[in-house]
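Colleague: Quick one, fold the following:
(one chain, ligands or ions: 2)
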Amino acid sequence: MKKQILDLRITRAEEVGAQCVLLKAKPVEGRLPVCCPGQFAQLRVDAPDVFLRRPISIHDVEGDEISFLVQMVGEGTQWLGALQAGDTLNAVLPLGHGFTVQTGNEVALLVGGGVGVAPLLYLGKQLKANGIRPVYLLGARTKELLLRLDAFREVGEVFVTTEDGSMGEKGFVTQHSVLGCNENGEMETLPARVMVYTCGPKPMMNAVARLARERNLPCEVSLENRMACGVGACLCCVEETADGHNRCVCTEGPVFDASELKI
Ligand SMILES: Cc1cc2nc3c(=O)[nH]c(=O)nc-3n(C[C@H](O)[C@H](O)[C@H](O)COP(=O)(O)OP(=O)(O)OC[C@H]3O[C@@H](n4cnc5c(N)ncnc54)[C@H](O)[C@@H]3O)c2cc1C
Ligand code: FES
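Modeller: Ligands and ions are numbered 1, 2, ... in the order given. Got it, this is the predicted structure:
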């Protein structure tokens with residue numbers, strides 16, 4: 001899939017929860033290139049003190065319209081969060097290696113935390129289009145930090161945890177009862193074979209990957225390492241793998257098979 005540098009026109013900019021915006025955009029000219037779930041875009045920020053593009057996951061694609069879910073944590077994302085309908089946004093996309101969509105299983109478990117839920121909407125839609133039932137397990141510290149639950153509910157079944165118990169089950173995603181097993185170690189709610197996908201804070205992904213390994217389930221994780229160039233030139237995004245090699249997250253990831261990583 002060839003990456004392109006293209007100007008996008010913002011078609012909609014909407015606040016969605018605390019410090020988070022949903023941006024929808026269409027190419028100013030031509031068509032949107034084919035994008036796969038788990039890939040990302042490098043978005044240009046025209047703020048005075050921000051020199052590097054910011055990596056943001058592809059949240060959704062509908063025809064020629066692409067969506068990004070942006071949490072405002074610093075100057076770059078605040079600039080993105082201030083965009084309005086009609087503004088232009090320059091993007092390099094699609095970048096990186098995304099999720100495996102053909103799983104051979106009937107059900108897929110998509111586990112997201114915080115703004116890490118972003119790539120899981122488009123992934124769920126693609127899984128569903130391939131006849132795989134997406135089940136979401138989404139977690140956040142409080143209910144205010146749970147993002148776009150209605151959009152996820154349109155794609156699949158949604159289970160929720162919050163650390164303060166303000167919505168769904170109290171605790172971490174890995175403690176949710178949907179993952180509960182009977183005395184034979186078989187999951188009671190989900191089939192024995194599910195593909196697990198996860199994106200969110202590193203400790204959460206580590207816990208999800210460990211749980212998947214204990215239960216012998218295939219698992220893919222999407223890393224959000226700090227990036228600069230986003231195209232494999234600066235090596236600032238490398239991740240050390242279980243076999244002691246360094247993998248470039250922006251080109252070989254951001255999605256990896258959990259078994260390859262030090263988890
Ligand atoms: C492949 C990939 C996909 C991403 N997808 C999304 C997305 O869909 N939505 C979204 O809101 N964010 C996403 N991020 C994170 C986003 O790129 C950063 O939050 C953003 O670059 C911060 O820029 P800033 O100028 O606003 O903040 P900065 O001023 O650069 O940093 C502000 C704070 O955020 C921290 N920070 C910056 N980058 C990261 C990072 N990658 N991981 C953890 N902490 C970071 C810094 O340490 C600092 O504390 C993604 C990152 C990667 C690598
Ligand atoms: S961000 Fe430059 S090599 Fe990955």
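Colleague: okay, and for the stretch 151-263 of the chain, where does confidence drop off?
Modeller: Within the stretch 151-263 of the chain, no range satisfies pLDDT under 70.
Colleague: Show me where it has its strands.
Modeller: 157-162, 169-170, 194-199, 219-222, 239-240, 246-247, 255-257 (DSSP state E, counting those that start in this stretch).
Colleague: Relative to the first one, what are the paired strands and their orientations?
Modeller: Sheet pairing for strand 157-162, assigned by DSSP bridges, gives strand 133-140 (parallel), strand 169-170 (parallel).
Colleague: With the fifth one instead?
Modeller: For strand 239-240, the paired strands and their directions (DSSP bridges) read strand 246-247 (antiparallel).
Colleague: Show me what the strand it pairs with is in contact with.
Modeller: 235, 238-241, 253, 256, 260 (Cβ atoms under 8 Å, 6 or more residues apart in numbering). The way it works is simple: take the backbone N, C-alpha and C, and place the C-beta from them, glycine included.
Colleague: and the residue in the chain positioned nearest to ligand 1, what is it in contact with?
Modeller: Closest approach between the chain and ligand 1, counting by Cβ to the nearest ligand atom: residue 74, at 2.1 Å. Under the criterion of Cβ under 8 Å, 6+ apart, residue 74 has no neighbours.
Colleague: Angles on the backbone of it, please.
Modeller: phi -160, psi -170 (degrees, to the nearest 10).
Colleague: if I look at it, how far off is ligand 2?
Modeller: 17 Å (Cβ to the nearest ligand atom, to the nearest Å).
Colleague: before we move on, what about residue 189?
Modeller: 38 Å.
Colleague: Measure how buried that residue is and give me the count.
Modeller: Residues near residue 189, counting by other Cβ atoms under 10 Å, number 13.
Colleague: Confirm for me that it is in contact with residue 182.
Modeller: No: assessed by Cβ atoms under 8 Å, residue 189 is found out of contact with residue 182, at 10.4 Å.
Colleague: which of the contacts of strand 246-247 has the most neighbours?
Modeller: Ranking these using other Cβ under 10 Å puts residue 253 first, with 25 neighbours.
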